[in-house]
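**Student:** A structural model of the following input is requested.
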Amino acid sequence: MINFFKKIWSWVKRGWKKVWLWVGGIVIASTMGTVIIDSSINPYTEKSDRWEMSTNSVIDEAGQIKTELLKNEPKIILSKWNDEVRLGIKYLGIAPTTNGNKVLLTDRVEWKEAKQELHVYPLIKSEQREDGGFETEIVLNEKPATNVFKFQIDGAENLDFIYQPELTQQEIDKGRFRPENVVGSYAVYHKIKKDHILDQKNYATGKAFHIYRPWITDAKNDGVWGELSYINTILSVVIPQSFLDNALYPVKVDPTFGYTTIGASTGNIENTLNLERATITENGTGTKISVYLNNTTSSKNTKANVYDDGTGASDLTTNLITNGATEERSIGTGTAWQDFNFTVAPSFTANVVYRLAIWGAAGTGTNLYHWDNTTGNSYEDNETYGTWPNPNAQTQFANSDISMYATYTGTAKSRRIIID
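**Tutor:** Numbering: from 1, shown residues only. The predicted structure is shown next:
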(Lines give C-alpha, C1' and ligand atoms only; values in the text may rest on other atoms or scores of the structure.)
Protein backbone atom coordinates (compact mmCIF):
# COMPACT_ATOMS: atom_id res chain seq x y z
CA MET A 1 0.00 0.00 0.00
CA ILE A 2 2.91 2.37 0.75
CA ASN A 3 4.33 1.75 -2.72
CA PHE A 4 0.88 2.41 -4.18
CA PHE A 5 0.68 5.91 -2.66
CA LYS A 6 4.32 6.60 -3.65
CA LYS A 7 3.28 5.93 -7.24
CA ILE A 8 0.36 8.37 -6.96
CA TRP A 9 2.72 11.02 -5.63
CA SER A 10 5.13 10.42 -8.47
CA TRP A 11 2.31 11.06 -10.97
CA VAL A 12 1.49 14.34 -9.23
CA LYS A 13 5.13 15.49 -9.22
CA ARG A 14 5.40 14.68 -12.92
CA GLY A 15 2.82 17.39 -13.57
CA TRP A 16 -0.35 15.37 -14.15
CA LYS A 17 -3.15 17.92 -14.08
CA LYS A 18 -5.78 15.52 -12.84
CA VAL A 19 -5.68 12.02 -11.41
CA TRP A 20 -8.83 10.16 -10.28
CA LEU A 21 -8.56 6.87 -8.41
CA TRP A 22 -11.03 4.77 -6.41
CA VAL A 23 -9.34 3.30 -3.36
CA GLY A 24 -11.40 1.27 -0.88
CA GLY A 25 -14.36 3.67 -0.91
CA ILE A 26 -12.22 6.85 -1.20
CA VAL A 27 -11.85 9.01 -4.30
CA ILE A 28 -8.42 10.60 -4.57
CA ALA A 29 -8.24 13.63 -6.86
CA SER A 30 -5.07 15.43 -7.84
CA THR A 31 -5.27 18.79 -9.56
CA MET A 32 -2.06 20.73 -10.31
CA GLY A 33 -0.20 18.99 -7.55
CA THR A 34 -2.91 19.30 -4.86
CA VAL A 35 -4.32 16.05 -3.50
CA ILE A 36 -8.00 16.11 -2.40
CA ILE A 37 -9.79 13.24 -0.69
CA ASP A 38 -13.47 12.70 -1.61
CA SER A 39 -14.28 10.19 1.13
CA SER A 40 -17.16 7.76 1.55
CA ILE A 41 -19.58 10.71 1.77
CA ASN A 42 -19.96 9.97 -1.95
CA PRO A 43 -22.79 7.39 -2.02
CA TYR A 44 -22.98 7.01 -5.81
CA THR A 45 -21.84 4.51 -8.37
CA GLU A 46 -20.83 6.44 -11.47
CA LYS A 47 -21.99 5.24 -14.90
CA SER A 48 -21.32 6.77 -18.29
CA ASP A 49 -24.55 8.80 -18.31
CA ARG A 50 -25.66 8.91 -14.65
CA TRP A 51 -24.90 8.55 -10.97
CA GLU A 52 -26.72 5.75 -9.14
CA MET A 53 -27.47 5.04 -5.49
CA SER A 54 -29.20 1.84 -4.40
CA THR A 55 -30.14 0.05 -1.19
CA ASN A 56 -32.47 -2.70 -0.03
CA SER A 57 -35.78 -1.73 1.54
CA VAL A 58 -36.13 -2.12 5.29
CA ILE A 59 -39.30 -4.15 4.60
CA ASP A 60 -38.49 -7.81 4.10
CA GLU A 61 -38.78 -8.98 0.49
CA ALA A 62 -39.69 -5.51 -0.83
CA GLY A 63 -36.65 -5.53 -3.10
CA GLN A 64 -34.21 -2.81 -4.08
CA ILE A 65 -34.68 0.94 -4.00
CA LYS A 66 -32.58 2.92 -6.48
CA THR A 67 -32.11 6.56 -7.42
CA GLU A 68 -30.52 7.70 -10.69
CA LEU A 69 -29.25 11.24 -11.34
CA LEU A 70 -28.74 11.92 -15.04
CA LYS A 71 -25.61 13.68 -16.28
CA ASN A 72 -26.98 15.29 -19.44
CA GLU A 73 -30.32 16.69 -18.18
CA PRO A 74 -31.77 18.02 -14.89
CA LYS A 75 -33.59 14.81 -14.03
CA ILE A 76 -33.65 12.13 -11.36
CA ILE A 77 -35.37 8.74 -11.45
CA LEU A 78 -36.77 7.14 -8.29
CA SER A 79 -37.31 3.39 -8.55
CA LYS A 80 -38.82 0.86 -6.17
CA TRP A 81 -39.50 -2.88 -5.97
CA ASN A 82 -36.52 -3.82 -8.17
CA ASP A 83 -37.34 -1.24 -10.87
CA GLU A 84 -41.01 -2.25 -11.18
CA VAL A 85 -41.83 1.43 -10.59
CA ARG A 86 -39.59 4.10 -12.15
CA LEU A 87 -40.70 7.67 -11.44
CA GLY A 88 -38.87 10.26 -13.55
CA ILE A 89 -38.70 13.84 -12.21
CA LYS A 90 -37.29 16.48 -14.60
CA TYR A 91 -36.98 20.14 -13.61
CA LEU A 92 -38.30 22.44 -16.36
CA GLY A 93 -36.89 25.70 -14.99
CA ILE A 94 -33.49 25.34 -16.67
CA ALA A 95 -32.41 24.22 -20.14
CA PRO A 96 -33.25 20.53 -20.78
CA THR A 97 -29.69 19.79 -21.92
CA THR A 98 -27.98 21.27 -18.84
CA ASN A 99 -25.21 18.94 -17.67
CA GLY A 100 -25.02 17.77 -14.07
CA ASN A 101 -21.93 17.83 -11.88
CA LYS A 102 -21.13 15.77 -8.78
CA VAL A 103 -19.75 18.29 -6.28
CA LEU A 104 -16.47 17.09 -4.77
CA LEU A 105 -16.51 16.32 -1.03
CA THR A 106 -20.33 16.28 -0.93
CA ASP A 107 -23.20 13.92 -1.75
CA ARG A 108 -24.76 16.65 -3.94
CA VAL A 109 -25.28 16.72 -7.71
CA GLU A 110 -25.92 20.11 -9.35
CA TRP A 111 -27.30 21.34 -12.66
CA LYS A 112 -26.44 25.05 -12.93
CA GLU A 113 -27.37 28.10 -14.98
CA ALA A 114 -26.70 31.74 -14.16
CA LYS A 115 -30.20 32.52 -12.86
CA GLN A 116 -31.28 29.12 -11.51
CA GLU A 117 -29.75 25.90 -10.26
CA LEU A 118 -31.03 22.47 -9.28
CA HIS A 119 -29.29 20.67 -6.40
CA VAL A 120 -30.16 17.08 -5.51
CA TYR A 121 -28.90 15.08 -2.54
CA PRO A 122 -30.02 12.03 -0.52
CA LEU A 123 -31.84 12.19 2.81
CA ILE A 124 -31.30 9.75 5.66
CA LYS A 125 -33.96 7.30 6.79
CA SER A 126 -36.48 8.71 9.25
CA GLU A 127 -39.96 8.11 10.65
CA GLN A 128 -41.44 9.85 7.60
CA ARG A 129 -39.06 8.15 5.16
CA GLU A 130 -38.23 4.66 6.40
CA ASP A 131 -36.27 3.95 3.21
CA GLY A 132 -34.73 7.42 2.91
CA GLY A 133 -35.44 9.99 0.22
CA PHE A 134 -34.06 12.82 -1.92
CA GLU A 135 -34.11 16.60 -1.64
CA THR A 136 -34.60 18.43 -4.93
CA GLU A 137 -33.47 21.96 -4.14
CA ILE A 138 -34.19 24.76 -6.62
CA VAL A 139 -31.84 27.71 -6.13
CA LEU A 140 -33.03 31.09 -7.46
CA ASN A 141 -30.03 33.41 -7.77
CA GLU A 142 -32.19 36.41 -8.63
CA LYS A 143 -35.87 37.36 -8.62
CA PRO A 144 -37.60 35.13 -11.20
CA ALA A 145 -40.17 36.18 -13.77
CA THR A 146 -42.67 33.63 -12.38
CA ASN A 147 -43.68 32.22 -9.02
CA VAL A 148 -44.53 28.77 -10.45
CA PHE A 149 -41.79 26.15 -10.87
CA LYS A 150 -42.53 22.91 -12.68
CA PHE A 151 -41.30 19.33 -12.86
CA GLN A 152 -42.19 16.93 -15.68
CA ILE A 153 -43.19 13.53 -14.25
CA ASP A 154 -42.95 10.32 -16.26
CA GLY A 155 -43.49 6.66 -15.36
CA ALA A 156 -46.61 7.53 -13.31
CA GLU A 157 -49.19 5.71 -15.45
CA ASN A 158 -49.87 3.13 -12.72
CA LEU A 159 -49.58 5.52 -9.78
CA ASP A 160 -52.17 7.59 -7.93
CA PHE A 161 -51.05 11.02 -6.63
CA ILE A 162 -53.36 11.62 -3.68
CA TYR A 163 -53.51 15.12 -2.19
CA GLN A 164 -53.33 15.40 1.62
CA PRO A 165 -55.53 18.33 2.70
CA GLU A 166 -55.74 20.05 6.05
CA LEU A 167 -57.55 17.97 8.63
CA THR A 168 -61.15 18.72 9.42
CA GLN A 169 -62.08 19.83 12.93
CA GLN A 170 -63.84 16.49 13.39
CA GLU A 171 -60.62 14.63 12.59
CA ILE A 172 -58.61 16.83 14.95
CA ASP A 173 -61.16 16.28 17.72
CA LYS A 174 -60.77 12.52 17.21
CA GLY A 175 -57.01 12.77 17.86
CA ARG A 176 -55.78 12.67 14.29
CA PHE A 177 -52.66 14.68 13.43
CA ARG A 178 -50.99 15.79 10.19
CA PRO A 179 -47.51 17.41 10.25
CA GLU A 180 -47.06 20.81 8.58
CA ASN A 181 -44.95 19.40 5.76
CA VAL A 182 -47.65 16.78 5.04
CA VAL A 183 -50.51 19.29 4.78
CA GLY A 184 -50.70 20.02 1.05
CA SER A 185 -48.43 17.09 0.14
CA TYR A 186 -49.03 14.04 -2.08
CA ALA A 187 -49.09 10.38 -1.09
CA VAL A 188 -48.22 8.23 -4.11
CA TYR A 189 -49.79 4.76 -4.23
CA HIS A 190 -49.65 2.07 -6.90
CA LYS A 191 -53.00 1.40 -8.57
CA ILE A 192 -52.61 -2.40 -8.50
CA LYS A 193 -49.58 -3.59 -6.51
CA LYS A 194 -50.83 -4.09 -2.96
CA ASP A 195 -50.29 -7.71 -2.05
CA HIS A 196 -47.43 -9.94 -1.05
CA ILE A 197 -46.92 -13.57 -1.89
CA LEU A 198 -44.36 -14.91 0.56
CA ASP A 199 -40.99 -15.57 -1.09
CA GLN A 200 -41.95 -13.07 -3.78
CA LYS A 201 -42.14 -9.27 -3.86
CA ASN A 202 -43.68 -7.58 -0.82
CA TYR A 203 -45.66 -4.52 -1.90
CA ALA A 204 -46.98 -3.97 1.64
CA THR A 205 -49.54 -1.15 1.62
CA GLY A 206 -48.90 -0.36 -2.05
CA LYS A 207 -47.50 3.06 -1.20
CA ALA A 208 -44.41 3.90 -3.23
CA PHE A 209 -43.45 7.52 -2.41
CA HIS A 210 -44.46 10.65 -0.58
CA ILE A 211 -43.89 14.17 -1.95
CA TYR A 212 -43.73 16.62 0.94
CA ARG A 213 -44.80 20.26 0.91
CA PRO A 214 -41.80 22.49 0.04
CA TRP A 215 -40.30 24.99 2.44
CA ILE A 216 -38.83 28.11 0.82
CA THR A 217 -36.05 30.17 2.45
CA ASP A 218 -34.02 33.22 1.45
CA ALA A 219 -30.54 34.44 2.37
CA LYS A 220 -31.90 36.05 5.56
CA ASN A 221 -33.30 32.64 6.51
CA ASP A 222 -36.85 33.95 6.25
CA GLY A 223 -39.17 31.15 5.19
CA VAL A 224 -42.61 30.33 3.84
CA TRP A 225 -44.50 27.21 2.78
CA GLY A 226 -45.00 26.67 -0.94
CA GLU A 227 -47.98 24.96 -2.57
CA LEU A 228 -47.82 21.70 -4.52
CA SER A 229 -50.06 20.79 -7.43
CA TYR A 230 -50.00 17.66 -9.61
CA ILE A 231 -52.01 17.84 -12.87
CA ASN A 232 -51.49 15.81 -16.06
CA THR A 233 -47.87 14.72 -15.37
CA ILE A 234 -46.79 18.20 -14.20
CA LEU A 235 -45.80 18.72 -10.56
CA SER A 236 -45.84 22.45 -9.78
CA VAL A 237 -44.43 24.39 -6.84
CA VAL A 238 -46.11 27.76 -6.26
CA ILE A 239 -44.29 30.36 -4.13
CA PRO A 240 -46.20 33.34 -2.67
CA GLN A 241 -45.34 36.30 -4.92
CA SER A 242 -45.00 38.61 -1.91
CA PHE A 243 -42.19 36.42 -0.57
CA LEU A 244 -40.27 36.60 -3.86
CA ASP A 245 -40.80 40.38 -4.01
CA ASN A 246 -39.22 40.92 -0.58
CA ALA A 247 -36.64 38.11 -0.45
CA LEU A 248 -32.89 38.48 -0.19
CA TYR A 249 -31.47 36.23 -2.91
CA PRO A 250 -30.52 33.46 -3.40
CA VAL A 251 -33.82 31.74 -2.54
CA LYS A 252 -33.98 27.98 -2.01
CA VAL A 253 -37.02 25.81 -2.76
CA ASP A 254 -36.90 22.24 -1.46
CA PRO A 255 -39.62 19.77 -2.51
CA THR A 256 -38.73 16.47 -0.80
CA PHE A 257 -39.35 12.99 -2.21
CA GLY A 258 -39.52 10.16 0.32
CA TYR A 259 -39.35 6.39 -0.17
CA THR A 260 -42.03 5.08 2.17
CA THR A 261 -44.89 2.59 2.53
CA ILE A 262 -46.22 4.19 5.70
CA GLY A 263 -48.96 6.78 6.07
CA ALA A 264 -47.65 10.28 6.82
CA SER A 265 -50.37 11.25 9.32
CA THR A 266 -51.28 9.73 12.69
CA GLY A 267 -54.34 8.82 14.74
CA ASN A 268 -55.01 7.48 18.22
CA ILE A 269 -55.76 3.81 19.03
CA GLU A 270 -56.14 4.33 22.79
CA ASN A 271 -59.70 3.45 23.82
CA THR A 272 -60.52 3.75 20.13
CA LEU A 273 -61.23 0.98 17.63
CA ASN A 274 -59.82 1.83 14.21
CA LEU A 275 -60.93 -0.33 11.29
CA GLU A 276 -59.91 -0.64 7.65
CA ARG A 277 -61.58 -2.49 4.76
CA ALA A 278 -59.55 -5.30 3.19
CA THR A 279 -59.96 -8.11 0.64
CA ILE A 280 -58.07 -11.23 -0.46
CA THR A 281 -57.77 -12.90 -3.86
CA GLU A 282 -58.11 -16.55 -2.79
CA ASN A 283 -59.39 -18.61 0.12
CA GLY A 284 -56.91 -18.76 2.97
CA THR A 285 -56.06 -19.16 6.64
CA GLY A 286 -55.02 -16.11 8.64
CA THR A 287 -51.66 -15.88 10.38
CA LYS A 288 -51.31 -12.35 11.76
CA ILE A 289 -52.21 -8.67 11.44
CA SER A 290 -49.42 -6.10 11.10
CA VAL A 291 -49.85 -2.43 12.03
CA TYR A 292 -47.38 0.46 11.98
CA LEU A 293 -47.53 2.01 15.47
CA ASN A 294 -45.86 4.91 17.26
CA ASN A 295 -45.90 4.52 21.06
CA THR A 296 -44.43 7.61 22.68
CA THR A 297 -43.97 6.91 26.39
CA SER A 298 -45.00 3.73 28.25
CA SER A 299 -45.88 0.16 27.28
CA LYS A 300 -49.56 -0.29 26.47
CA ASN A 301 -51.72 -3.34 25.84
CA THR A 302 -52.81 -3.59 22.23
CA LYS A 303 -54.66 -6.18 20.13
CA ALA A 304 -56.27 -6.68 16.73
CA ASN A 305 -59.32 -8.43 15.31
CA VAL A 306 -61.37 -8.87 12.12
CA TYR A 307 -64.97 -7.76 11.54
CA ASP A 308 -67.19 -8.51 8.56
CA ASP A 309 -68.26 -5.70 6.20
CA GLY A 310 -71.95 -5.87 7.00
CA THR A 311 -73.94 -4.93 3.93
CA GLY A 312 -71.13 -2.85 2.43
CA ALA A 313 -68.97 0.24 2.91
CA SER A 314 -71.83 2.40 4.19
CA ASP A 315 -72.88 -0.14 6.87
CA LEU A 316 -71.73 1.23 10.23
CA THR A 317 -72.78 -1.82 12.30
CA THR A 318 -70.67 -4.94 11.72
CA ASN A 319 -69.89 -8.24 13.47
CA LEU A 320 -66.74 -10.09 14.49
CA ILE A 321 -65.84 -13.02 12.25
CA THR A 322 -65.12 -16.45 13.75
CA ASN A 323 -61.57 -16.75 15.15
CA GLY A 324 -60.56 -13.21 14.11
CA ALA A 325 -58.95 -12.22 17.44
CA THR A 326 -55.18 -11.89 17.81
CA GLU A 327 -52.91 -12.15 20.82
CA GLU A 328 -52.81 -9.20 23.19
CA ARG A 329 -49.37 -7.55 23.29
CA SER A 330 -47.74 -4.96 25.49
CA ILE A 331 -46.29 -2.54 22.95
CA GLY A 332 -43.19 -0.71 24.14
CA THR A 333 -42.04 2.74 23.12
CA GLY A 334 -40.86 3.41 19.60
CA THR A 335 -42.09 3.52 16.02
CA ALA A 336 -42.22 0.25 14.07
CA TRP A 337 -44.33 -2.39 12.35
CA GLN A 338 -45.97 -4.50 15.07
CA ASP A 339 -47.22 -8.05 14.40
CA PHE A 340 -50.27 -9.52 16.16
CA ASN A 341 -50.64 -13.30 15.73
CA PHE A 342 -54.10 -14.82 15.51
CA THR A 343 -54.83 -16.95 18.58
CA VAL A 344 -56.87 -19.36 16.42
CA ALA A 345 -56.35 -19.21 12.68
CA PRO A 346 -59.41 -17.69 10.95
CA SER A 347 -60.63 -18.77 7.53
CA PHE A 348 -60.82 -16.07 4.85
CA THR A 349 -62.86 -16.26 1.66
CA ALA A 350 -61.66 -14.85 -1.64
CA ASN A 351 -63.15 -11.51 -2.75
CA VAL A 352 -65.06 -11.04 0.51
CA VAL A 353 -64.51 -7.64 2.17
CA TYR A 354 -63.41 -7.67 5.81
CA ARG A 355 -62.59 -4.90 8.28
CA LEU A 356 -59.28 -5.23 10.10
CA ALA A 357 -59.35 -3.63 13.54
CA ILE A 358 -56.65 -2.33 15.91
CA TRP A 359 -57.39 -1.30 19.53
CA GLY A 360 -55.20 -0.09 22.37
CA ALA A 361 -55.36 0.65 26.10
CA ALA A 362 -54.80 4.15 27.46
CA GLY A 363 -51.71 5.12 29.46
CA THR A 364 -48.94 7.70 29.77
CA GLY A 365 -48.15 9.26 26.42
CA THR A 366 -49.90 8.14 23.24
CA ASN A 367 -50.08 5.09 20.99
CA LEU A 368 -50.63 6.16 17.39
CA TYR A 369 -51.32 4.49 14.05
CA HIS A 370 -50.30 5.95 10.67
CA TRP A 371 -52.61 6.75 7.74
CA ASP A 372 -53.06 8.72 4.49
CA ASN A 373 -56.03 10.19 2.71
CA THR A 374 -56.72 7.75 -0.13
CA THR A 375 -59.67 6.12 -1.89
CA GLY A 376 -60.11 3.48 0.83
CA ASN A 377 -62.55 3.44 3.75
CA SER A 378 -61.64 3.56 7.42
CA TYR A 379 -63.86 3.58 10.49
CA GLU A 380 -63.62 4.54 14.14
CA ASP A 381 -65.45 3.66 17.36
CA ASN A 382 -64.74 5.20 20.77
CA GLU A 383 -64.63 2.19 23.11
CA THR A 384 -62.91 1.72 26.46
CA TYR A 385 -60.28 -0.97 25.92
CA GLY A 386 -61.48 -4.41 27.04
CA THR A 387 -63.81 -7.00 25.53
CA TRP A 388 -64.35 -6.68 21.78
CA PRO A 389 -67.81 -5.17 21.07
CA ASN A 390 -69.97 -7.46 18.93
CA PRO A 391 -71.76 -6.10 16.99
CA ASN A 392 -69.76 -2.89 16.67
CA ALA A 393 -71.28 0.50 15.83
CA GLN A 394 -68.75 2.65 13.94
CA THR A 395 -68.21 6.14 12.58
CA GLN A 396 -66.95 6.27 9.01
CA PHE A 397 -63.94 8.43 8.20
CA ALA A 398 -64.56 8.48 4.44
CA ASN A 399 -61.44 8.11 2.28
CA SER A 400 -58.37 7.12 4.26
CA ASP A 401 -56.08 4.11 4.58
CA ILE A 402 -54.46 2.92 7.81
CA SER A 403 -50.98 1.40 7.54
CA MET A 404 -52.23 -2.09 8.41
CA TYR A 405 -52.48 -5.48 6.70
CA ALA A 406 -52.92 -9.17 7.58
CA THR A 407 -50.87 -12.23 6.60
CA TYR A 408 -52.57 -15.44 5.56
CA THR A 409 -51.75 -18.75 3.94
CA GLY A 410 -53.64 -19.28 0.70
CA THR A 411 -54.66 -22.46 -1.07
CA ALA A 412 -51.51 -22.49 -3.18
CA LYS A 413 -49.04 -20.10 -1.55
CA SER A 414 -48.95 -17.75 1.43
CA ARG A 415 -50.34 -14.31 0.72
CA ARG A 416 -51.13 -11.11 2.56
CA ILE A 417 -54.35 -9.16 2.79
CA ILE A 418 -53.69 -5.56 1.83
CA ILE A 419 -55.90 -2.61 2.61
CA ASP A 420 -58.21 -1.45 -0.22
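**Student:** how about Lys174, what does it touch?
**Tutor:** If a contact means CB atoms under 8 Å, 6 or more residues apart in numbering, then Lys174 has Gly267, Asn268, Thr272, Glu380, Phe397 as its contacts. In this view, the C-beta of every residue, glycine as well, is placed from N, C-alpha and C.
**Student:** For those residues, work out which two are farthest apart.
**Tutor:** Asn268 and Phe397 (12.5 Å; CB to CB).
**Student:** can you map out the strands along the stretch 301-420 of the chain?
**Tutor:** Counting by DSSP state E, counting those that start in this stretch, the stretch 301-420 of the chain has strands at residues 317-318, 329-331, 334-341, 347-348, 354-360, 367-382, 392-393, 395-402, 404-410, 414-419.
**Student:** will you turn these into JSON lines that also has mean pLDDT and mean neighbour count?
**Tutor:** Conversion of those to JSON lines gives the following (pLDDT from 0 to 100; neighbours: other CB atoms under 10 Å):
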{"stretch": "strand 317-318", "mean pLDDT": "96", "mean neighbour count": "16"}
{"stretch": "strand 329-331", "mean pLDDT": "94", "mean neighbour count": "17"}
{"stretch": "strand 334-341", "mean pLDDT": "91", "mean neighbour count": "17"}
{"stretch": "strand 347-348", "mean pLDDT": "90", "mean neighbour count": "18"}
{"stretch": "strand 354-360", "mean pLDDT": "95", "mean neighbour count": "26"}
{"stretch": "strand 367-382", "mean pLDDT": "90", "mean neighbour count": "22"}
{"stretch": "strand 392-393", "mean pLDDT": "94", "mean neighbour count": "16"}
{"stretch": "strand 395-402", "mean pLDDT": "82", "mean neighbour count": "20"}
{"stretch": "strand 404-410", "mean pLDDT": "80", "mean neighbour count": "23"}
{"stretch": "strand 414-419", "mean pLDDT": "50", "mean neighbour count": "22"}
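**Student:** Could you pull up the contacting residues of Ile239?
**Tutor:** By CB under 8 Å, 6+ apart, the contact set of Ile239 is Asn147, Val148, Phe149, Ile216, Val224, Gly226, Val251, Val253.
**Student:** As CSV, the contacts of Lys174 with distance to Glu117 would be great.
**Tutor:** Supplementary listing: the contacts of Lys174 in CSV, determined by distance: CB to CB, whole Å:
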residue, distance to Glu117
Gly267, 40
Asn268, 43
Thr272, 48
Glu380, 46
Phe397, 43
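**Student:** Pick the one among those residues closest to Asn295.
**Tutor:** Distances from Asn295 to the contacts of Lys174, taken by CB to CB, are shortest for Asn268, at 11.3 Å.
**Student:** And for that closest one, the neighbour number?
**Tutor:** Around Asn268 sit 19 other residues, with neighbours defined as other CB atoms under 10 Å.
**Student:** Tell me which residues touch the residue nearest the centre of the chain, please.
**Tutor:** By CA atoms, centre = their mean, the chain has its centre lying nearest to Thr260, at 2.4 Å. With contact taken as CB under 8 Å, 6+ apart, Thr260 is in contact with Gln128, Arg129, Glu130, Asp131, Gly133, Lys207, Phe209, His210.
**Student:** Thanks a lot, catch you later.
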